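Engineer: Return atomic coordinates for the entry below.
(one chain, ligands or ions: 1)
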Amino acid sequence: MRVLLVEDEPTLNRQLDMALQQAGYSVDVSVNGQDAWALGDTEPFDAVVLDLGLPQMDGLTVLRRWRSSGRHMPVLILTARDNWHDKVTGIDAGADDYLTKPFHTAELLARLRGLIRRSSGLSSPVLSCGPVQLDTRSGLVTLDGQSINLTSHEFKVLAYLMHHPGAVVSRTELTEHIYAQDSDRDSNTIEVFVGRLRKKLGASHIETVRGLGYRLVAPS
Ligand code: CA
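Structural biologist: Presented below is the predicted three-dimensional model:
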């Protein structure tokens, strides 16, 4: 899953960037409203963490512009302490949730997981497909209750597929959701990751839909 982090305060930005990456997200980072708006307007994000006080263009304007151009990814806004008015305005501008600074990183991660699973129509933090389970809280993947070791890329591919159960996901879509913008993207590597996942989880879980992409299935 790919997250856009918009925060102009360098220490908080670095801290959140690291925490999000450790949690298994691909992260694009923005430190001003103009860049954030452009990125969110063109790249497909699974969620956005948006500070409201930003240079060049404030967070509320960024959010309103995304919503008015039909960008509907889940957005978590960060508001200043004691500014309850920002929360109301933010939610009315299209934010899905908010956190007041200062906050615990664990809470931000929990709210983000909630936003992402709700936007996929999922309610449980543990995603299941037949004998395969992915616990979004711990990042633990199990097959028939046995934990499976995945590399970070394998995890990202599986996590995306598990958030879209039964859907055919193209290689392009997978590429866009497992790599941040500045990384070396190569859609051929998706095939490699899927091949390794099939070895680890059993070949029948990930179906190839010729010419279209992949689909996660629960083998009968
Ligand atoms: Ca700020």
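
Engineer: Count the residues that sit near the nearest residue to residue 44 once chain neighbours are set aside.
Structural biologist: Nearest residue to residue 44, sequence neighbours excluded (Cβ to Cβ, 6 or more residues apart in numbering): residue 176, at 5.2 Å. The C-beta positions use only the backbone N, C-alpha and C, and glycine is treated the same way. Burial of residue 176, expressed as a neighbour count using other Cβ atoms under 10 Å, amounts to 18.

Engineer: do the one 4 residues further on as well
Structural biologist: When neighbours are defined as other Cβ under 10 Å, residue 180 has 16 of them.

Engineer: just residue 72 next, same as before
Structural biologist: 10.

Engineer: ok, now how distant is it from residue 36?
Structural biologist: Note on residue 72: its distance to residue 36, by Cβ to Cβ, to the nearest Å, is 16 Å.

Engineer: wait, isn't residue 141 in contact with residue 133?
Structural biologist: Yes. Under the criterion of Cβ atoms under 8 Å, residue 141 lies in contact with residue 133, with a separation of 7.1 Å.

Engineer: More neighbours: those two, which one.
Structural biologist: Legend: neighbour count by other Cβ under 10 Å for residue 141 and residue 133, higher for residue 141 (23 against 19).

Engineer: which secondary structure element contains the more buried one?
Structural biologist: Using DSSP states H and E, residue 141 sits within strand 140-143.

Engineer: Give the other helices and strands that the helix or strand following that strand contacts.
Structural biologist: Where DSSP H and E defines the elements, the next helix or strand beyond strand 140-143 is strand 146-148. Contact here means 3 or more Cβ pairs under 8 Å, 6 or more residues apart in numbering; DSSP states H and E; on that basis strand 146-148 packs against strand 140-143.

Engineer: and residue 219, how many neighbours?
Structural biologist: Under the criterion other Cβ under 10 Å, the count of neighbours that residue 219 has is 12.

Engineer: Is it correct that it is in contact with residue 206?
Structural biologist: No. If you go by Cβ under 8 Å, residue 219 and residue 206 don't touch, sitting 10.4 Å apart.

Engineer: Domains in the chain, by residue range?
Structural biologist: The record, using automatic domain parsing to delimit domains, assigns the chain the ranges 2-119, 126-216.

Engineer: okay, how far is it across the longest one, tip to tip?
Structural biologist: Taking Cα to Cα, to the nearest Å, the span from the opening residue of domain 2-119 to its closing residue is 13 Å.
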